[in-house]
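> Can you look at this prediction? I've put the sequence above it.
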Amino acid sequence: MAVLSFCGSFAPPAAAQEAKGATAGADATIRGAKPAPDRTTRRVVIRFLTDSDFPPFNFYDEDGALVGFNIDLARAICLELNTSCDIKSRAWDDLLPGLKSGDADAVIAAHKITVAALDEVDFSDRYFHTPARFAGRKGGEDVEVSPSGLYGKRIAVARGTAHEAYLKSFFRDSPLVVFENADLAREAVAADKADYVFDDGISLAFWINGTLSRQCCEMKGGPFLEPRFFGDGLAIALPKGDPELKALINEALRKVRTSGRFEELVQRYFPVRIY
């Protein structure tokens, strides 16, 4: 499934850190003391854990190989850090416990940054947002996708979701057609029983490009990224108390983005642009 808005603060560039360390080492040598060892040289491998049942982020292909957006991103990070990459798959519920027990250095499995998760682990800068999007039938009238632009329009949405809560807060003049799940909400638009559907942008992208939509629909308007409703995005889970590793991962993420490699991965794994 980008493109998107990528947020997060980044640590100072690795080159600046190395220059600072070199200066400190030179001063120590002049005073006759041994410079502090550079711990970054010890990162000869980064051990990642992921799961295998969340396409297109991580899954087994028809040949039984572990592939996906997260897998290629982990390899790109290791390439930037000039380290080896060890990526293993575990069940979702075993990922964070495995990180906390020292079985891995990082978990890259599309974890959302939540208060509960922050009690257990640390996180890198976010690398992916999961926006909400509107979709509607192809063609038709050209309207602004906003509370005023969709005045009186029927909007399908899944019951009990953040998407329903968002619509009730901001699209109060649009009649909601609430369904028990997102599949039924999307089908309502395909069957012309609703004018629009409001859902997770990633799921909508794959539905639009798949057979279930019968090629009926397209994205309408832009992404909705309000963290209060749709979260702070996806990030790499890291062990608490290792600021050096966090700085390395964040710097590598920055380089993957600025090099254009991140955009290449987005285009490879997401058939419809979700941002």
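Cool, got the structure. For clarity, every value in this text was computed on a predicted model and none was experimentally measured. Numbers count the residues shown, from 1 in each chain.

> quick one, helices of the stretch 1-150 of the chain?
Applying DSSP state H, counting those that start in this stretch to the stretch 1-150 of the chain gives helices spanning 14-30, 69-81, 95-100, 115-118.

> now the third one: how far from the chain's centre is it?
Going back to what we said before, that points to helix 95-100. When C-alpha coordinates are averaged (CA atoms, centre = their mean, to the nearest Å), helix 95-100 and its chain have centres 19 Å apart.

> just stretch 97-110 next, same as before
Using CA atoms, centre = their mean, the mean C-alpha position of stretch 97-110 is found 17 Å from that of the whole chain.

> Next, the buried residues of that stretch.
Buried residues in stretch 97-110, counted by 16 or more other CB atoms under 10 Å: 98-99, 104-110. Quick note: C-beta positions are derived from backbone N, CA and C, even for glycine.

> Averaged pLDDT, that stretch. What do you get?
For stretch 97-110, mean pLDDT rounds to 96.

> Please apply the same query to stretch 232-249.
Taken as a whole, stretch 232-249 has an average pLDDT of 95.

> Now tell me what touches that stretch from outside.
Contact partners of stretch 232-249, identified using CB atoms under 8 Å, 6 or more residues apart in numbering, comprise 7-8, 11, 14, 17, 39-40, 43, 77, 81, 95-96, 99-100, 102, 105-114, 117, 121-130, 227, 253.

> Now distance to residue 200 too, for the buried residues of stretch 97-110, in CSV please.
Below are the buried residues of stretch 97-110 laid out as CSV (distance: CB to CB, whole Å):
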residue, distance to residue 200
98, 27
99, 26
104, 28
105, 30
106, 25
107, 22
108, 20
109, 17
110, 12
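
> just checking, which of the residues you listed belong to strands?
Judged by DSSP state E, the subset of the buried residues of stretch 97-110 located in strands is 106-110.

> The nearest residue to residue 122 once chain neighbours are set aside and residue 161: what is the separation?
What sits nearest to residue 122 in space, not counting adjacent residues and going by CB to CB, 6 or more residues apart in numbering, is residue 238, at 4.6 Å. Taking CB to CB, to the nearest Å as the measure, residue 238 falls 29 Å from residue 161.

> same thing with residue 112?
From residue 112 to residue 161 the distance is 14 Å (CB to CB).

> neighbour-wise, which of those two wins?
Taking neighbours as other CB atoms under 10 Å, residue 112 and residue 161 compare with residue 161 leading, 19 against 16.

> Look up the closest residue to the more buried one, ignoring the ones flanking it.
Using CB to CB, 6+ apart, the nearest residue to residue 161 is residue 182, at 7.6 Å.

> Quick check, pLDDT for the one you found.
Per the predicted model, pLDDT is 96 at residue 182.

> my read: it touches residue 158, true?
Yes. In this structure residue 182 lies within contact range of residue 158 using CB atoms under 8 Å: 4.4 Å.

> tell me, what's touching the two both at once?
Taking CB under 8 Å, 6+ apart as the criterion, residue 182 and residue 158 both touch residue 199.

> how far away is the residue nearest to residue 122 from residue 222?
31 Å.

> higher neighbour count, the two?
residue 238 (22 against 11).

> For that one, what are phi and psi?
phi -130, psi 160 (degrees, to the nearest 10).

> and if you look at residue 247?
Dihedral angles (degrees, to the nearest 10) for residue 247: phi -60, psi -40.

> Then residue 203?
Dihedral angles for residue 203 - degrees, to the nearest 10 - are phi -60, psi -40.

> Confirm for me that it is in contact with residue 182.
Yes. Using CB under 8 Å, residue 203 is in contact with residue 182, at 6.3 Å.

> Return the backbone torsion pair for residue 157.
phi -160, psi 150.
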